[in-house]
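Student: Quick one: sequence plus predicted model below, questions after.
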Amino acid sequence: MRTKDYADVVIRPPILFLGALLLGCVLTLLLPIGPGLAKPNGLGLTVGIVFVVVGFALAVFPARRFRKAGTSVVPGEPSRVLVREGLYKITRNPIYIGLILTYFGLCLILTSVWMLLLLIPAAIVLHQGVVKREEEYLDWKFGEDYRRYLEQVPRWL
């Protein structure tokens with residue numbers, strides 16, 4: 001029986017990606033693979049900036065939707081309503097897609113192979129330790145309404 005009125009995630013997603021980013025930078029400096037930090041070519045820089053801008057927008061605008069609905073975007077706080085408008089009609093996790101795209105863009109801008117490699121375990125932790133736990137919580141909190149939403153909208157894309 002659930003007693004906590006919040007998603008019991010293993011880590012907050014921004015901290016997860018910031019940690020992977022910092023670890024990737026340290027590994028790039030200590031055990032260089034590839035061109036090294038902050039040596040992008042024109043194409044890598046341009047594509048990286050596009051990913052960062054799109055990812056940032058995908059992370060910020062859906063978060064505003066939560067505030068407008070009067071509920072928290074923070075996994076460790078109770079959800080008051082089930083948000084299904086805007087990008088949430090297309091994917092159940094636009095903020096996390098935005099974080100992944102932003103992180104990927106930074107990998108290109110900073111030309112860090114280590115950062116890129118760390119995206120894989122970060123995405124696994126995000127999926128297993130955050131998304132699945134949030135889904136369990138939302139199922140408990142909103143029941144049939146959430147299960148209908150699951151049937152209509154994909155987890156990712």
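Tutor: Sure thing, it's come through. Residues are numbered from 1 along each chain as shown.

Student: buried stuff in stretch 69-83?
Tutor: Neighbour counts over stretch 69-83 (16 or more other C-beta atoms under 10 Å) mark Ala69, Thr71, Val73, Pro75, Ser79, Val83 as buried. (Each C-beta comes from the backbone N, C-alpha and C, glycine too.)

Student: Now render those as CSV, adding secondary structure.
Tutor: Output for those, formatted as CSV (DSSP: H, G, I helix; E, B strand; the rest coil):
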residue, secondary structure
Ala69, helix
Thr71, coil
Val73, coil
Pro75, coil
Ser79, coil
Val83, coil
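
Student: elements contacting the lowest-mean-pLDDT helix or strand in the chain?
Tutor: Across the helices and strands of the chain, mean pLDDT, DSSP states H and E gives its lowest value to helix 42-69, namely a mean of 93. Judged by 3 or more C-beta pairs under 8 Å, 6 or more residues apart in numbering; DSSP states H and E, the packing partners of helix 42-69 are helix 94-110.

Student: The helix it packs on vs helix 42-69, what angle?
Tutor: Counting by axes from the mean of the first three to the mean of the last three C-alpha atoms, to 10 degrees, helix 94-110 lies at 160 degrees to helix 42-69.

Student: okay, helix 94-110 in PDB with CA atoms only?
Tutor: Taking C-alpha atoms only, helix 94-110 is exported to PDB below (Å, rounded to 0.1, in the frame of the first residue of the first chain):
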ATOM      1  CA  PRO A  94       8.300  16.300 -23.200                       C
ATOM      2  CA  ILE A  95      10.400  17.800 -20.400                       C
ATOM      3  CA  TYR A  96      12.700  14.700 -20.300                       C
ATOM      4  CA  ILE A  97      12.900  14.600 -24.100                       C
ATOM      5  CA  GLY A  98      14.000  18.200 -23.800                       C
ATOM      6  CA  LEU A  99      16.600  17.400 -21.200                       C
ATOM      7  CA  ILE A 100      18.000  14.600 -23.400                       C
ATOM      8  CA  LEU A 101      18.100  16.900 -26.500                       C
ATOM      9  CA  THR A 102      19.800  19.700 -24.500                       C
ATOM     10  CA  TYR A 103      22.400  17.200 -23.200                       C
ATOM     11  CA  PHE A 104      23.000  15.800 -26.600                       C
ATOM     12  CA  GLY A 105      23.500  19.300 -28.000                       C
ATOM     13  CA  LEU A 106      26.000  20.100 -25.300                       C
ATOM     14  CA  CYS A 107      27.900  16.900 -26.200                       C
ATOM     15  CA  LEU A 108      28.200  18.200 -29.800                       C
ATOM     16  CA  ILE A 109      29.100  21.800 -28.700                       C
ATOM     17  CA  LEU A 110      31.700  20.500 -26.200                       C
END
